[in-house]
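Peer 1: How does the following fold in three dimensions:
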Amino acid sequence: MRTRRKPKATPNKQEPIRFKLTDDHVTLGQILKICGVIGSGGEAKMFLPGSGVTVNGEVDERRGRKLRIGDRILSPGFRLILVVAPETAAPEDQTSTVLSTDTEA
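Peer 2: Predicted structure coming up:
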């Protein structure tokens, strides 16, 4: 009897979330909450240590880390988050999720 091979893991091919930054900065805890990685701001305190979240390729566990235009946030198991300027948030030739600080409810 032949055994089935596991399919090769494929990288997440979803489009990144483009976070439109309308203020001077946004904190790591805020952006994780707005983008749906965590449920509440207080959850960031427990989630970040040991989670493997990277900011611009470096692991960062500070929920108060100030993020600015051009920063890239990656949390294992979630889509890449790009912090972009308002005028570059929604390119017409690309379908992507666009969120901003104005999206907070």
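
Peer 1: and the closest residue to residue 50 other than its chain neighbours, what does it touch?
Peer 2: Computed as C-beta to C-beta, 6 or more residues apart in numbering, the closest residue to residue 50 that is not its neighbour in sequence is residue 61, at 7.8 Å. C-beta here means a position set from N, CA and C on the backbone, and glycine is covered the same way. Under the criterion of C-beta atoms under 8 Å, 6 or more residues apart in numbering, the neighbours of residue 61 are 48-51, 53.

Peer 1: most neighbours, which of those residues?
Peer 2: Neighbour counts for these (other C-beta atoms under 10 Å) peak at residue 53, which has 24 neighbours.

Peer 1: In this structure that residue contacts residue 73, no?
Peer 2: Yes: with contact defined as C-beta atoms under 8 Å, residue 53 reaches residue 73; the gap is 6.8 Å.

Peer 1: what's the overlap in contacts for the two?
Peer 2: Common contacts of residue 53 and residue 73 (C-beta under 8 Å, 6+ apart): 28, 32.

Peer 1: next helix or strand past the longest helix along the chain?
Peer 2: Scanning the chain for the longest helix, with DSSP state H as the assignment, gives helix 28-34. Later in the chain than helix 28-34, the nearest helix or strand by DSSP states H and E is helix 43-47.

Peer 1: Which residues outside that following helix are in contact with it?
Peer 2: If you take C-beta under 8 Å, 6+ apart as the criterion, helix 43-47 is touched by 28-29, 32-33, 37-38, 63.

Peer 1: Between all of these, which two are separated the most?
Peer 2: For the contacts of helix 43-47, the maximum inter-member distance is 11.7 Å, found between 37 and 63 (C-beta to C-beta).

Peer 1: Please point out which parts of stretch 36-46 sit buried.
Peer 2: By neighbour count on 16 or more other C-beta atoms under 10 Å, the buried set for stretch 36-46 is 37-38, 44.

Peer 1: For it, list the C-alpha coordinates in CSV.
Peer 2: Extracted in CSV, the C-alpha atoms of stretch 36-46 (Å, rounded to 0.1, in the frame of the first residue of the first chain):
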residue,chain,number,x,y,z
GLY,A,36,-8.1,41.6,13.2
VAL,A,37,-5.0,39.8,14.4
ILE,A,38,-6.2,40.2,18.0
GLY,A,39,-9.6,41.0,19.5
SER,A,40,-8.8,43.9,21.8
GLY,A,41,-6.0,46.3,22.6
GLY,A,42,-5.4,44.6,26.0
GLU,A,43,-5.0,41.3,24.3
ALA,A,44,-1.8,42.6,22.7
LYS,A,45,0.0,42.5,26.0
MET,A,46,-0.5,38.7,26.2
